[in-house]
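K.L.:
A structural model of the following input is requested.
(chains A, B, C and D)
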Number of protein chains: 4
Amino acid sequence: MVQRFLFSCILLFCVYALQAQKAPRQGDPKLTEYWEPEVKVIEPGKTSADPPSDAIILFGGQNADAWAAKDNSAAKWKVENGILTVAPGTGEIHTKQGFGDCQLHIEWRTPAEVKGESQGRGNSGIFLMGRYELQVLDSYKNRTYSNGQAGSIYKQLPPLVNASRGPGEWQTYDVIFTAPRFNEDGNVKSQAHITVLHNGVLVQNDAHLWGSTQYIGVATYEKHGDKEPLVLQDHNNPTSFRNIWIRPL
Amino acid sequence: MVQRFLFSCILLFCVYALQAQKAPRQGDPKLTEYWEPEVKVIEPGKTSADPPSDAIILFGGQNADAWAAKDNSAAKWKVENGILTVAPGTGEIHTKQGFGDCQLHIEWRTPAEVKGESQGRGNSGIFLMGRYELQVLDSYKNRTYSNGQAGSIYKQLPPLVNASRGPGEWQTYDVIFTAPRFNEDGNVKSQAHITVLHNGVLVQNDAHLWGSTQYIGVATYEKHGDKEPLVLQDHNNPTSFRNIWIRPL
Amino acid sequence: MVQRFLFSCILLFCVYALQAQKAPRQGDPKLTEYWEPEVKVIEPGKTSADPPSDAIILFGGQNADAWAAKDNSAAKWKVENGILTVAPGTGEIHTKQGFGDCQLHIEWRTPAEVKGESQGRGNSGIFLMGRYELQVLDSYKNRTYSNGQAGSIYKQLPPLVNASRGPGEWQTYDVIFTAPRFNEDGNVKSQAHITVLHNGVLVQNDAHLWGSTQYIGVATYEKHGDKEPLVLQDHNNPTSFRNIWIRPL
Amino acid sequence: MVQRFLFSCILLFCVYALQAQKAPRQGDPKLTEYWEPEVKVIEPGKTSADPPSDAIILFGGQNADAWAAKDNSAAKWKVENGILTVAPGTGEIHTKQGFGDCQLHIEWRTPAEVKGESQGRGNSGIFLMGRYELQVLDSYKNRTYSNGQAGSIYKQLPPLVNASRGPGEWQTYDVIFTAPRFNEDGNVKSQAHITVLHNGVLVQNDAHLWGSTQYIGVATYEKHGDKEPLVLQDHNNPTSFRNIWIRPL
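P.N.:
Down below sits the predicted model:
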């Protein structure tokens, strides 16, 4: 009796001892699971281009109510057939709301009828925080300076490739933008950086910006708020936009 | 006559002088244009999901010829109606070609008929470089651990949001992956990092990985080549894939 | 007379014209200078180890007044001859002030008399934000696990090299730390990352942390404030510290 | 006898059983230890400024043999009392060896006798890869443009603070540099970035460069090799250097 118990005991001991002697890597898989915090559920768009449930719709086709003209009056660009088109000469428009770090989806189309060349063809621009310009241009068989073509951060960073569609065709930008941070004294704590897919193709890969876009002279940073309006440029070409949504990050 | 010429001359001089006296920031805009190197032209896909002209098509619908089984024999997964589906029990498949830094587009679908729960529902995985798993799972109304759901880097990094579509619906991942770099002695010089859009929604934002995915114990890096095959996991669920393309960066 | 003036005029015109015709790259160098904002002047220490004028001195040799025990009573560690030494069993100490992004200089010394081995020799730790442990250990001819030796982020990231000095010798850490950012729901917006020089040698190079240090199980992030106290560990070894200063970034 | 053994056995069993029954998070701490690869041991310098055993000494005080003049003849700068001093008019010098990613320690001193102002006082420069200039200048009570003072990446990035010592005093730079990567077509795959401690104070924090330093016009990247010589500038001021060492990363 004692021997049987002894035997069982030794057996059990051996089992445990063996288990304990197992090499690392063979422990409890639960140790590397974590359940909290729970990940927030959102509803994605029907396609990757459609706004997910947590996006702010900046232009959905009906109206330009999310936008204002430079003097804060109503945006004067044309809204027709679900499309927002630059009304040349009416000036840039900006969102009424400000944004910092964000994911932005925007679709644009340069005029089907090709006019002008280089920077004169279908030119517009998307100014993140009103300052950092992602160039919009008809860059289809239209050579211009590398850091001025579609997909470039204007006068700073050329795109990795030219993934342009032709004039009159809709094109997309999917943007992941991290705003710059400033010290109290106005110096730059960390540079803005950006990742851009142009028509689904990576054209900016965590590229760090030099500063606010400048037409003349170097781009430098000027301290600004955490959230600033998004601006669309009137460059005197009737470039169109649609399906604009943004997710603050 | 002389006076008229004199006058013109003075006028021209004044124009130039004025131009030269302009304050900084009002110099020649050409100074910040650069034309070389010229940006390579590629043709984007018809939609952002379609492969651009410079992508390597890993699965276009016809066959799984770009893939092999673990023993390097032909991949045994099912190809039907342009869809590649896990044949449970046949094991993982890997690309014949190796990849390092890359942009990857991949579409996947978990079974319409819901079976199992947590990790047991529509489970598969995309192993970048054969090691770094971007989880594939039916995470629609299916709670599991945060770092194990769709959009997570398995057992490491939970997604920023749960942007899952339902069972039976096609979902997309757009991935920008930077491979780790190793020192000669096998230590990590720089960590792998990844950006992922799930159904168009940002779920990983330049997230840095801990190492090779492990089911048990911590993920650690093990030195490997610059280019390693992409692996799709057989987790015993008939999860499907389509439209897989990759652009080495 | 008129002719002389005419001649001068043409000459001047030509000079300006020539200047204006210069090729790009040969414009005004002032265009790439910028003067604002002015850079703040500070006074560096006498040596690179001494505190600069804008540093907060956490331990200057006199007293441990910047620190408190876990229960917020006075720190019970020993201050003698300008040195702060763990009083084993009195528990960790933390700064009264909280810190986020920072540059930290700290000097430490393990006991001259070698006792114990592996993790048992001169063990202490510097917990940034009270959570992210930069290991302090006598790692001079004392093999332990790679991600547990001096210069490691404990149980996460091994140092690039072992740059340890011997027992009884003063060693330095120069740390550049970027705090993690959290979303409101507690998920990680961006990971903490760190650069460390150990005795002047780079041992962590912008390494991204997995989360709060854990002795058992994986490190995960838990949402915390922007500024949290720095903690020094009592690991039952009389490890010493001196010359501790920090610059919030 | 049997009973005693039995008793020991039960005791041991209980110990193991208890150990095995611990809840998750209370598993085996060994699971998060990893021992391979072993971390390479090096010997740090006596102070943080002294070269560690794995550094390449570029100037140790004896001679300038690691350097050459622009035409690859012997460097003509003055070596005296362990100090390397610009011989104005003899031109820049470059290391015979090339470097890419690196940790660099360098000490420099502007003339004790103050002459000139702004860019004319104690001007020299450290060109990483022969292209990316970390400015050397007497910036002690000597206002110049922010992106041209000591600690700046010349004409690109101003320092976070001005941590200059006075004329005639030795100053240090501790630099962590990551080289840019280029695509085959010459476009930039990833930007160069840099962290700099000036006299022990952080002045550049993972700052991303715009391109090769330019005196006139914008800095742009031009494809170059993985390893390129380090260059010291002759700017006609007798600025001195000492204790220069580098660790390829």
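K.L.:
Run through the bridge partners of the residue nearest to the spatial centre of chain A.
P.N.:
Central residue of chain A (C-alpha atoms, centre = their mean): residue A:175, 1.9 Å from the mean position. According to DSSP bridges, the residues that bridge with residue A:175 are residue A:104, residue A:196.
K.L.:
who touches it in this structure?
P.N.:
Residue A:175 sits next to A:102, A:103, A:104, A:105, A:106, A:126, A:128, A:134, A:194, A:195, A:196, A:197 when contact means C-beta atoms under 8 Å, 6 or more residues apart in numbering or on different chains. In this view, the C-beta of every residue, glycine as well, is placed from N, C-alpha and C.
K.L.:
Make CSV from the residues you listed and add neighbour count and distance to residue D:48 to it.
P.N.:
Output for these, formatted as CSV (neighbours: other C-beta atoms under 10 Å in any protein chain shown; distance: C-beta to C-beta, whole Å):
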residue, neighbour count, distance to residue D:48
A:102, 21, 41
A:103, 22, 42
A:104, 22, 45
A:105, 25, 49
A:106, 22, 50
A:126, 22, 47
A:128, 25, 41
A:134, 26, 43
A:194, 21, 36
A:195, 21, 37
A:196, 25, 41
A:197, 25, 44
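K.L.:
Present those residues as JSON lines; the columns should include pLDDT.
P.N.:
What follows is the contacts of residue A:175, written out as JSON lines (pLDDT from 0 to 100):
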{"residue": "A:102", "pLDDT": "98"}
{"residue": "A:103", "pLDDT": "98"}
{"residue": "A:104", "pLDDT": "98"}
{"residue": "A:105", "pLDDT": "98"}
{"residue": "A:106", "pLDDT": "98"}
{"residue": "A:126", "pLDDT": "98"}
{"residue": "A:128", "pLDDT": "98"}
{"residue": "A:134", "pLDDT": "98"}
{"residue": "A:194", "pLDDT": "98"}
{"residue": "A:195", "pLDDT": "98"}
{"residue": "A:196", "pLDDT": "98"}
{"residue": "A:197", "pLDDT": "98"}
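K.L.:
Nearest to residue A:169 among the residues you listed?
P.N.:
Sorting those by distance to residue A:169 puts residue A:106 at the head of the list, at 14.9 Å, by C-beta to C-beta.
K.L.:
shouldn't residue A:171 be in contact with residue A:196?
P.N.:
No - at 11.8 Å, residue A:171 does not count as touching residue A:196 under the criterion of C-beta atoms under 8 Å.
K.L.:
what's the following helix or strand after the lowest-mean-pLDDT helix or strand in chain A?
P.N.:
Every helix and strand of chain A was ranked by mean pLDDT, DSSP states H and E. The lowest is helix A:2-21, at a mean of 48. Stepping forward along the backbone from helix A:2-21, the first helix or strand reached (DSSP states H and E) is strand A:56-59.
K.L.:
List the contacts of the nearest residue to residue A:221 once chain neighbours are set aside.
P.N.:
Spatial nearest neighbour of residue A:221, chain neighbours left out: residue A:211 (4.2 Å); criterion: C-beta to C-beta, 6 or more residues apart in numbering or on different chains. Residue A:211 sits next to A:218, A:219, A:220, A:221, A:222 when contact means C-beta under 8 Å, 6+ apart.
K.L.:
Looking at those, which are in strands?
P.N.:
The strands in this structure, assigned by DSSP state E, contain none of the contacts of residue A:211.
K.L.:
Which of the residues you listed sits closest to residue A:73?
P.N.:
residue A:222 (25.6 Å).
K.L.:
Can you tell me how far the residue nearest to the centre of chain A is from residue A:28?
P.N.:
For residue A:175, the distance to residue A:28 (C-beta to C-beta, to the nearest Å) stands at 42 Å.
K.L.:
Same check on residue A:195?
P.N.:
Distance, residue A:195 to residue A:28, by C-beta to C-beta: 38 Å.
K.L.:
Can you list the helices and strands that the strand or helix carrying residue A:231 packs against?
P.N.:
Per DSSP H and E: residue A:231 is located in strand A:228-232. Applying 3 or more C-beta pairs under 8 Å, 6 or more residues apart in numbering or on different chains; DSSP states H and E, one finds that strand A:228-232 makes contact with strand A:93-99, strand A:124-128.
K.L.:
mind redoing it with 10 Å?
P.N.:
When contacts are defined as 3 or more C-beta pairs under 10 Å, 6 or more residues apart in numbering or on different chains; DSSP states H and E, strand A:228-232 sits against strand A:56-59, strand A:67-69, strand A:93-99, strand A:102-109, strand A:124-128, strand A:132-136, strand A:240-248.
K.L.:
Partner strands of it, with direction?
P.N.:
Strands that pair with strand A:228-232, judged by DSSP bridges, come out as strand A:93-99 (antiparallel), strand A:124-128 (antiparallel).
K.L.:
The shortest one versus strand A:132-136: what angle between them?
P.N.:
Translated: strand A:124-128. Strand A:124-128 and strand A:132-136 meet at an angle of 150 degrees, taking axes from the mean of the first three to the mean of the last three C-alpha atoms, to 10 degrees as the criterion.
K.L.:
How far away from the center of its chain is strand A:124-128?
P.N.:
When C-alpha coordinates are averaged (C-alpha atoms, centre = their mean, to the nearest Å), strand A:124-128 and its chain have centres 12 Å apart.
K.L.:
now stretch A:189-205
P.N.:
The chain centre lies 7 Å from the centre of stretch A:189-205; the measure is C-alpha atoms, centre = their mean.
K.L.:
Stretch A:158-168 now?
P.N.:
Here stretch A:158-168 shows a centroid-to-chain-centroid distance of 17 Å under the convention C-alpha atoms, centre = their mean.
K.L.:
Give the buried residues for that stretch.
P.N.:
Taking 16 or more other C-beta atoms under 10 Å in any protein chain shown as the neighbour-count basis, stretch A:158-168 is seen to contain the buried residues A:158, A:159, A:160, A:161, A:162, A:163, A:164, A:165, A:167.
K.L.:
Please name the bridge partners of the closest residue to residue A:74 other than its chain neighbours.
P.N.:
In space, not counting the residues next to it along the chain, residue A:74 is nearest to residue A:68; the distance is 6.8 Å by C-beta to C-beta, 6+ apart. In this structure, residue A:68 bridges to residue A:74, residue A:94 when assessed by DSSP bridges.
K.L.:
Pull the number of nearby residues for residue A:68.
P.N.:
17 (other C-beta atoms under 10 Å in any protein chain shown).
K.L.:
can you pull the contacts of it?
P.N.:
For residue A:68, the set of contacting residues under the criterion of C-beta atoms under 10 Å, 6 or more residues apart in numbering or on different chains consists of A:74, A:75, A:76, A:93, A:94, A:95, A:96, A:229.
K.L.:
how about a cut-off of 7 Å?
P.N.:
Listed by C-beta atoms under 7 Å, 6 or more residues apart in numbering or on different chains, the contact partners of residue A:68 are A:74, A:75, A:93, A:94, A:96.
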